[in-house]
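>>> What follows is a predicted protein model with its sequence.
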Amino acid sequence: MPAAGARHRSPGRVPGLLVLLFSVAGAAVAVALPLVLGRTLDLLLHGGAAGHWLAASVALLVGEVLLDGLAALCTGRCTAGWTAWIRSRALHGMLYAVPDLARPLSRGDVAARLTLNAADAGSAPSARASLAASLITPAGALLALAFVDVWAALCVLAGLPALALVLRTFARDTGTSVRAYQGVQSEIAARLLEALEGAETIAAAGTAAAERERVLRPLADLSRLGERMWLLHGRALALGGVLVPLLTVAATAVGGLRLAAGALSVGGLLAVSRYAQLAAGFGGAATLLGAVVRGRSARERTAVLEQLPALVHGPRTLPPGGPGTLELRDVRVVRGGTEVLRVDEVVVPGGLTTAVVGRSGAGKSVLAAVAGRLTDPDRGEVLLDGTPLDLLTPHSLRTEVGFAFARPELGEGTVAEAVAAGRRTAPSHRVRAALRTAGADAFVRRLPHAYDTPLREAPLSGGEYQRLGLARAFAHAGRLLVMDDATSSLDTATEHAVNRALNHSLGDVTRLVVAHRPSVAARADRVIWLESGRVRAVGTHRRLWEEAAYREVFRSGSSTGEGGAGPFGPEAQARGPLGGEAAEGGPGPDRSAAPHREVPR
Ligand SMILES: Nc1ncnc2c1ncn2[C@@H]1O[C@H](COP(=O)(O)OP(=O)(O)OP(=O)(O)O)[C@@H](O)[C@H]1O
C-alpha cells in the first residue's frame, strides 16, 4: 500500500503566501481608499479637476472587491490543501501504528480527530496569513492617519494598548476552553459509536433510555464550554465595540477641531474618521485569532495520531523453502505497567499446528500478535526460520506471515476483491481455492452476483463473514499462519470441515491457532497452555488433558460456547480429551515431541 502521506504532498508555503499577498494588497487598497476618496471629495467640493482622482477611487473600489474575492478563493484552497494533508498524515499514522498501542484511542475519538480537528487544523494556516494581513491594515491606517493629521493619529495610538490587551486576554482564555471543548466533542463521538456498535445489546437489554443519557451526558460540559467560548468572544468584541467607536469619535473630534482651526480640509476629516476606524480595526482580528487558537489546539490532537508508534522494519528476507519454525526467546510484553506476557523459550515447529489455550485474559492474543509481529515484545526475540521478525522487510514479513481474526475487516469491494486483497493481489484461481478451503464457496456462489457481489450488498451471517476472512488469509498463506479465534463463529462441524480442508491444501504451513474449543486443541499437534501471561506447559492436548487444571480451562467459560454443560461438560469429559466432535475426526497421530513443561507451577 502506498504511504498515504505520499499521496498528499504538503501544500507548502505558497497557498498561505498567496492568502497573505492578496489580503495585504486588499489591506493596502483599503488604506489608500479613504485618502483618495477624501482628496476626490475636496476637489469636487472646490470645483477642481477631479477626473483622475475619481478614476483612481473607482479603480481602488473595484480592486478591493477583486482582491477580497481572490483572498477568499486562496483561503479555500489553502484550507482544503492543509486539511487533506493533515488528515492524510493522521490517517497514515493511524494505519501504520502498532495496533496494540493504538487501542487506547477509541474509534469515536479517532473519528473526531480525523474529521472535526483536521478541518480546524487545516484552516489555521490561512487564518494565520489573514491575521498577519489584518494587522497590516491598522498599522497602515495609522501611518496614513499620521500623514493626514498627526494629532488625530496620536489620539488613536493612545488607545491601541488597551485594544492589544483585550486581544491578548482573549487568545489566552479561549485557548484553554477550546482544548477542553474539543476533548468533550471526542468523548461524545466515542460514546455514540460505542452505542451504535452495541445497538443490538442495547435493544435486547431495553437500555436505550439509559444509553441515550450516557451518550449525551457530556453535552452539558460541551454546552458550558461552548457558552464560555462565545462569552469570551463576545466580551472581546464588546470591549472592542466600546473602544473602537470611542477612539473613532475621539480622533474625529480632534479632526473637527483641526478643521475648525483651518488645519484640515473636509476631505481630510473624512479620511481621519475612516482611518481611525481602520487603525482600531478589531473585530476581524479577534475572529481570526480565535481560528488560529482553535487550529493550533486541533493540530495537537491530530499530531497524536501521526505520532503513534509504528513498527520499524529491517532489510532482510527469509531464505526460500524454510519449514516455518517459530521461536520465542525471553519474550516480555508489558501493557499499562503490567507484564501481560512472559515466554522464556518456546519453539513452534514448522509445518505443524500449534494451539494456544488459556483462560480469558491469559495472553493468547498478545502471544499471537507477537508471533506474527503485529506488535513487538518489550524484550526478547521472535524468530522465523532463524531470522528475527523485526529484521524482515515489510513485504517479506507480510507475505510470509498471515493472520486470520475473529472479526475480520474486509473493506468495501466485491467478495473476490476482498479475498484477493493483500500485499500481492491473489489470482482468481487462488481466491476460489481459498474460498473452498474456508468452506465459503457454496454460500458465495448463492449471492446475487456470486464472487462479484459487493460486500455491502452481501447478506452475510457472522460465520460467513468470518469464513471470508479465513479465505483471505488462506489465499495469501506464506510459511506461518496465525489464527486468533478465527473460527469462533463457526459451528463445530463447519469448523472441523475447514480444518480438514486446511490440512489438505495448506499442510506444510505452520499454524498457530488461538483456541477456545477443546476440539481445536485436540486436533492440534501440540498445545501452548498459557496462564496469567505465562507458559504453564507445552505438550499434546491428550497429555495435558490428564491435568485437572487444564481441563478446567475449557470448563471455566474461557472456552466460549463449550464450558459447563456444553459438549465439553461433565458428560463430554467422560468421553475423553477429544470430545464428541473431535473424536469424530480422530486425534491423528501424536506428531509432537513429549510435553515440555516451561514454567513450573
Ligand atoms: N493494549 C493493551 N493495553 C493494556 N492491556 C492490554 C493490552 N492488550 C492486552 N492487554 C491485557 O493483556 C491481557 C491478555 O490479553 P489477551 O487479549 O491476550 O487475552 P486473551 O487470552 O486473548 O483473552 P480472551 O480469550 O478473552 O480473548 C489482558 O489482561 C488484557 O487486558
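Structure's in. What do you need?
>>> Can you list the buried residues in stretch 349-360?
By neighbour count on 16 or more other Cβ atoms under 10 Å, the buried set for stretch 349-360 is 349-359. Heads up, the C-betas are built off the backbone N, CA and C, glycines and all.
>>> The lengthiest helix in the chain - what's its average pLDDT?
Using DSSP state H to define each element, the chain has its longest helix at helix 150-197. Mean per-residue pLDDT for helix 150-197: 86.
>>> centre of the chain versus it, how much separation?
Distance of helix 150-197 from its chain centroid, counting by Cα atoms, centre = their mean, to the nearest Å, is 26 Å.
>>> Return the list of helices and strands in contact with that helix.
Applying 3 or more Cβ pairs under 8 Å, 6 or more residues apart in numbering; DSSP states H and E, one finds that helix 150-197 contacts helix 107-112, helix 118-148, helix 208-216, helix 219-260, helix 266-279, helix 283-306.
>>> Can you add mean neighbour count and distance to Val498 and give those back as TSV?
Formatted as TSV, the helices and strands packed on helix 150-197 follow (neighbours: other Cβ atoms under 10 Å; distance: least, Cβ to Cβ, whole Å):
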stretch	mean neighbour count	distance to Val498
helix 107-112	20	30
helix 118-148	22	42
helix 208-216	13	37
helix 219-260	17	47
helix 266-279	24	76
helix 283-306	20	37
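>>> Redo those as TSV? Include distance to Arg179.
What follows is the helices and strands packed on helix 150-197, written out as TSV (distance: least, Cβ to Cβ, whole Å):
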stretch	distance to Arg179
helix 107-112	13
helix 118-148	12
helix 208-216	22
helix 219-260	10
helix 266-279	33
helix 283-306	5
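>>> Lowest mean pLDDT across the ones you listed, which one is that?
Among these, helix 266-279 has the lowest mean pLDDT, at a mean of 82.
>>> helices or strands next to it in the packing?
Against helix 266-279 (3+ Cβ pairs under 8 Å, 6+ apart) you get helix 14-45, helix 118-148, helix 150-197, helix 219-260.
>>> who's in contact with the spatially most central residue of the chain?
Geometric centre of the chain, nearest residue: Val110, 4.2 Å, by Cα atoms, centre = their mean. Val110 sits next to 94, 305 when contact means Cβ atoms under 8 Å, 6 or more residues apart in numbering.
>>> Which stretches in the stretch 301-450 of the chain count as helices?
Using DSSP state H, counting those that start in this stretch, the helices of the stretch 301-450 of the chain run over 364-371, 394-400, 415-420, 428-437, 441-445.
>>> Correction: the previous question concerned the stretch 501-601 of the chain.
So, for the stretch 501-601 of the chain - with DSSP H, counting those that start in this stretch - the helices run 518-523, 541-544, 548-555, 570-575, 579-585.
>>> Show me what from the stretch 201-350 of the chain comes close to the ligand.
Contact residues (Cβ under 6 Å from any ligand atom) of the stretch 201-350 of the chain with the ligand: 335-336, 340.
>>> Write the ChimeraX selection for whichever of the residues you listed are buried.
What follows is the ChimeraX syntax selecting those of these that are buried according to 16+ other Cβ under 10 Å:
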select :335,340
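>>> I'd like the residues of the stretch 201-350 of the chain next to the ligand as TSV, with pLDDT appended.
Shown next, in TSV, are those (pLDDT from 0 to 100):
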residue	pLDDT
Arg335	88
Gly336	83
Val340	95
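>>> rewinding a little: indicate which one of the helices of the stretch 301-450 of the chain is closest to Ala276.
helix 394-400 (63.9 Å; Cβ to Cβ).
>>> Tell me which residues of that closest one come out buried.
So helix 394-400, judged by 16+ other Cβ under 10 Å, has buried residues 396-400.
>>> who's in contact with it?
Helix 394-400 has contacts (Cβ under 8 Å, 6+ apart) with 311, 313, 316-318, 373, 384, 389, 392, 422-424, 476, 478-480.
>>> Return the alpha-carbon coordinates of it using CSV.
Extracted as CSV, the C-alpha positions of helix 394-400 are listed here (Å, rounded to 0.1, in the frame of the first residue of the first chain):
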residue,chain,number,x,y,z
PRO,A,394,7.5,-5.3,5.5
HIS,A,395,7.0,-7.2,2.3
SER,A,396,8.7,-10.3,3.4
LEU,A,397,7.0,-10.2,6.8
ARG,A,398,3.5,-9.8,5.4
THR,A,399,3.9,-12.3,2.6
GLU,A,400,5.4,-15.0,4.9
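>>> where's it relative to the chain centroid, distance-wise?
Relative to the chain's own centre, helix 394-400 is displaced by 24 Å; criterion: Cα atoms, centre = their mean.
>>> Now do that helix, average pLDDT.
When pLDDT is averaged along helix 394-400, the result is 91.
>>> Could you provide the buried residues of stretch 349-360 in CSV, with additional columns for pLDDT?
What follows is the buried residues of stretch 349-360, written out as CSV (pLDDT from 0 to 100):
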residue, pLDDT
Pro349, 94
Gly350, 93
Gly351, 91
Leu352, 92
Thr353, 92
Thr354, 95
Ala355, 94
Val356, 96
Val357, 95
Gly358, 94
Arg359, 93
